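In: Here's my sequence, what's the structure:
(2 chains)
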Amino acid sequence: MPCDAISESLAAVVDGDARLDRADRRHVEQCLRCQAELAQYRKLLRVMQSLRADVATPPAGLLADVLAHLEVAGERSAVRAALTGRKVAYLGGIAAATAAAGAGAAIVLVTRGRKGRLPLAG
Amino acid sequence: MRYQRTGGAHLDQLVEDARQGNRHAFEELVRRTHADTFTLARRLVSNDEDARDVVQEAYLRAFRSIRRFRGDAQFSTWLYRITANCASTQLGKRRRHRHDELDEEAAVPDLDPDHDPAAMADATALRDRLEVAIAELPARLRAVVVLRDVYDLNHAEIADELGISESAAKVRLHRARRKLRTQVFPLPGEEGTDDTEEHARAV
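Out: Numbers count the residues shown, from 1 in each chain, chains lettered A, B, ... in the order given. This is a model prediction of the structure:
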């Protein structure tokens, strides 16, 4: 039965990873079973793509944990930079980020920016 | 059922600022992308705890290497690749610890599907079946099909991050698709039962 052999390739054929030769193509054009299978693969791919928009609710505390780890990593690299004299745009980039980050985020950044700058001004 | 989507506004500017070393810009990127990153991690590994570790590690790596991020790639793709690589490492650790569980584990991710129950009953039933079927795949097949068909990474990127050859990535992808198809679509003989079930849900 050619269907079984062709069936093996349909999972690759559906998005162009593989192509059927002329004889197999001709078979599929006449075979309802193979056509139905190919249609299922197409549907499968469509639903797979749509899953990307299904975003899970992250566990409580995950964001805070990630940010805390980053803070530690960031301080470490800032200290290293200070010791080696490498210039880091730690505060310098804030103005640009403020302009970019949208209203909610901008407030946070401006507040932080001021805190960071006051000692320098005084 | 809550749903979060990552906003696209000004993401490019945040990425640029983060590349310049602005930590606050990077933190904002984390805020905007962490739910998406967690979702990918959760689809790749078998439980919430491991997914948390993967997310942590992914952002640390991203933070350390964002200077080298080139603007010609999408930031989301770049982050998916790092996440995939971290998940692959995590799965490797698990494999060493709990050798035989890995390929058998049926981990159903706790995702909240976003749907309109009345209009989408049919499609939703299929999506639900698909999420379950994905979770039931062996980890090495699952990673490839999730990265290719859900997150749209190409074969080379997938092979790179999982540490396998491109041809192995393709073989796994097609095997995974075959398994998923037979899982989510009923065999001709079983169609009756399944239809009844879906109609019952739809009513």
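In: Look up the pLDDT of the most centrally placed residue in chain B for me, please.
Out: Centroid-nearest residue in chain B: B:Leu40, 3.1 Å away (criterion: C-alpha atoms, centre = their mean). With respect to pLDDT, B:Leu40 has a value of 97.
In: correct me, but it touches B:Leu153?
Out: No - in this structure, B:Leu40 is not within contact of B:Leu153 by C-beta atoms under 8 Å, at 10.4 Å. Backbone N, C-alpha and C define where each C-beta goes, glycine included.
In: Residues in contact with both of the two, list them for me.
Out: Residues touching both B:Leu40 and B:Leu153 (C-beta atoms under 8 Å, 6 or more residues apart in numbering or on different chains) are B:80, B:84.
In: Stretch B:146-166 close to chain A?
Out: Yes - on the criterion C-beta under 8 Å from any C-beta of the partner chain, stretch B:146-166 is in touch with chain A at B:149-152.
In: before we move on, back to that, may I have the phi/psi pair for the residue nearest to the residue nearest to the centre of chain B when sequence neighbours are not counted?
Out: Using C-beta to C-beta, 6 or more residues apart in numbering or on different chains and skipping residues adjacent in sequence, the residue nearest B:Leu40 is B:Thr83, 5.2 Å away. Main-chain dihedrals, B:Thr83, degrees, to the nearest 10: phi -60, psi -40.
In: are any of the residues of stretch B:146-166 next to chain A buried, and which?
Out: The neighbour-count test (16 or more other C-beta atoms under 10 Å in any protein chain shown) marks B:149-151 as buried among these.
In: Show me which of the residues you listed is closest to chain A.
Out: Set against chain A, the nearest of these by C-beta to the nearest C-beta is B:Asp149 (3.9 Å).
In: ok, now which ones touch the closest residue in space to the closest one that isn't next to it in sequence?
Out: The shortest distance from B:Asp149 to any non-neighbouring residue, by C-beta to C-beta, 6+ apart, is to A:Met48 (3.9 Å). Taking C-beta under 8 Å, 6+ apart, we find A:Met48 in contact with B:130, B:145, B:149-150.
In: Out of those residues, flag the one nearest to A:Pro59.
Out: Nearest to A:Pro59 out of the contacts of A:Met48 is B:Val150 (C-beta to C-beta; 20.8 Å).
In: Turn the buried ones among the residues of stretch B:146-166 next to chain A into JSON lines, columns for secondary structure and pLDDT.
Out: Output for these, formatted as JSON lines (DSSP: H, G, I helix; E, B strand; the rest coil; pLDDT from 0 to 100):
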{"residue": "B:Asp149", "secondary structure": "helix", "pLDDT": "97"}
{"residue": "B:Val150", "secondary structure": "helix", "pLDDT": "97"}
{"residue": "B:Tyr151", "secondary structure": "coil", "pLDDT": "97"}
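In: Now do the host helix or strand of the residue nearest to the centre of chain B: distance to the chain's middle.
Out: Using DSSP states H and E, B:Leu40 falls within helix B:23-44. Relative to the chain's own centre, helix B:23-44 is displaced by 13 Å; criterion: C-alpha atoms, centre = their mean, to the nearest Å.
In: okay, now A:Ala53: neighbour count?
Out: By other C-beta atoms under 10 Å in any protein chain shown, 12 other residues sit near A:Ala53.
In: Let me see the ranges of the helices in chain B.
Out: Using DSSP state H, the helices of chain B run over B:11-19, B:23-44, B:48-65, B:75-97, B:117-136, B:139-145, B:155-162, B:166-184, B:191-202.
In: Please name the residues that touch the residue nearest to B:Leu40.
Out: So B:Thr83 contacts B:37, B:40-41, B:44, B:54-55, B:58 (C-beta under 8 Å, 6+ apart).
In: residues touching B:Arg175, list them.
Out: Residues counted as contacts of B:Arg175 (C-beta under 8 Å, 6+ apart) are A:11, B:141.
In: Oh, that last question was meant for A:Leu10, not what I typed.
Out: By C-beta under 8 Å, 6+ apart, the residues touching A:Leu10 are A:34, A:37-38, A:41.
In: Between these, identify the one with the most neighbours.
Out: With neighbours taken as other C-beta under 10 Å, the top of the contacts of A:Leu10 is A:Glu37, carrying 22 neighbours.
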